[in-house]
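**Q** How does the following fold in three dimensions:
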Amino acid sequence: MSPSDSKTFLITGVSSGFGRAFARAALEAGHTVVGTVRGEETRAAFEALEPRRARALVLDVTDFDAIGPAVARVEREVGALDVLVNNAGYGHEGPLEETSLEDMRRQFDVNVFGAVAMIKAVLPAMRQRRAGHIVNVTSMGGFITMPGISSYCGSKFALEGISEVLAKEVKGFGIRVTALAPGSFRTDWAGRSMIRAPRRIPDYDALFEPIRKAREEKSGQQAGDPAKAARALLKLVAAENPPVHLLLGRDALKLVREKLQALSEEISAWEDVTRSTDFD
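**A** Numbering: from 1, shown residues only. Alright, predicted model coming up:
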């Protein structure tokens with residue numbers, strides 16, 4: 001890679017999963033990566049990946065007041081940020097009736113408002129330079145839904161919508177925005193990273209217990225390869241005309257296509273009612 005092709009990435013949540021895979025791939029390709037970590041103990045481990053081009057930033061994406069100053073400091077010390085990858089996030093599992101508002105708020109704080117705060121921190125400099133790429137890691141759960149993860153799907157639907165609007169708002173400034181929606185990948189999402197609400201309403205047992213059991217058993221056996229997702233990310237940020245939405249994984253492709261087909265059929269079935277509500 002020539003120096004002119006090298007980019008500086010800011011990737012949230014690089015301690016494990018997609019974040020670690022994204023960071024490794026970018027570093028191996030010759031890019032510079034600033035990665036957020038949650039504590040000092042993981043700082044040294046990340047920077048050891050590539051002492052010259054890997055820099056760890058201790059930052060909780062829900063510490064909204066700290067994000068702006070932290071990004072400004074990175075821009076002063078490391079230089080212009082070419083790519084922001086909003087990867088930090090987690091899944092909350094449990095029927096809606098068993099999910100507390102506090103738990104749902106926490107899910108949105110991390111998955112939505114943390115990402116938005118990061119975007120708002122990098123946008124001024126990207127807008128001034130008329131360049132930059134913002135990649136928001138969403139999920140196929142931002143298109144399709146499954147019982148028991150309403151908080152997670154709700155947060156990813158929100159981030160998909162925010163990404164699409166933002167892409168239209170900043171297109172004229174040379175800034176690209178992509179919502180990257182993985183299917184089931186072999187990360188810790190369904191394992192130690194998943195927050196599981198305690199069960200307390202037996203009426204949901206028949207529906208939800210098999211889903212929870214299957215998700216736990218599948219953890220670590222998913223078809224998606226994070227290293228291949230990372231290669232897709234590098235291809236995405238190198239593209240002249242990157243998409244606003246990009247699915248990753250055959251399961252995501254199949255399930256989202258099925259959702260779109262079902263939605264189209266439902267719209268057609270109720271089209272008369274839809275049309276009936278305008279003034280004559």
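**Q** residue contacts, Val137?
**A** For Val137, the contact set (C-beta atoms under 8 Å, 6 or more residues apart in numbering) comprises 18, 85-87, 89, 180, 182. Yep, even glycine has a C-beta here, placed from its N, CA and C like the rest.
**Q** For it, report the pLDDT, please.
**A** pLDDT recorded at Val137 is 98.
**Q** Which strand residues bridge it?
**A** Leu180 (DSSP bridges).
**Q** returning to what we had before: can you lay out the contacts of Val137 as CSV showing secondary structure, pLDDT and distance to Arg55?
**A** CSV is the format used below for these (DSSP: H, G, I helix; E, B strand; the rest coil; pLDDT from 0 to 100; distance: C-beta to C-beta, whole Å):
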residue, secondary structure, pLDDT, distance to Arg55
Phe18, helix, 95, 19
Val85, strand, 98, 15
Asn86, strand, 98, 18
Asn87, coil, 97, 16
Gly89, coil, 94, 21
Leu180, strand, 98, 23
Pro182, strand, 97, 25
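**Q** Which one of those is nearest to Asp205?
**A** Distance to Asp205 across the contacts of Val137 (C-beta to C-beta) is lowest for Gly89, with 28.2 Å.
**Q** shouldn't that closest one be in contact with Asn111?
**A** Yes. Counting by C-beta atoms under 8 Å, Gly89 does reach Asn111; the two are 4.5 Å apart.
**Q** Sketch out the low-pLDDT regions of this structure for me.
**A** Along the chain, the model assigns pLDDT under 70 to residues 1-4, 189-191.
**Q** where along it do the helices fall?
**A** For the chain, helices defined by DSSP state H occupy the ranges 17-28, 40-47, 64-77, 101-108, 114-129, 150-170, 205-218, 226-238, 250-269, 271-275.
**Q** Out of those, which one sits most buried?
**A** With neighbours taken as mean count of other C-beta atoms under 10 Å, the helices of the chain reach their highest mean count in helix 17-28, at a mean of 23.
**Q** Are there helices or strands packed against that helix, and which ones?
**A** Counting contacts by 3 or more C-beta pairs under 8 Å, 6 or more residues apart in numbering; DSSP states H and E, helix 17-28 is packed against strand 8-11, strand 32-37, helix 226-238.
**Q** re the thing from before, what would the contacts of Val137 look like in CSV with distance to Glu209?
**A** As requested, those are exported to CSV (distance: C-beta to C-beta, whole Å):
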residue, distance to Glu209
Phe18, 28
Val85, 35
Asn86, 33
Asn87, 31
Gly89, 25
Leu180, 32
Pro182, 26
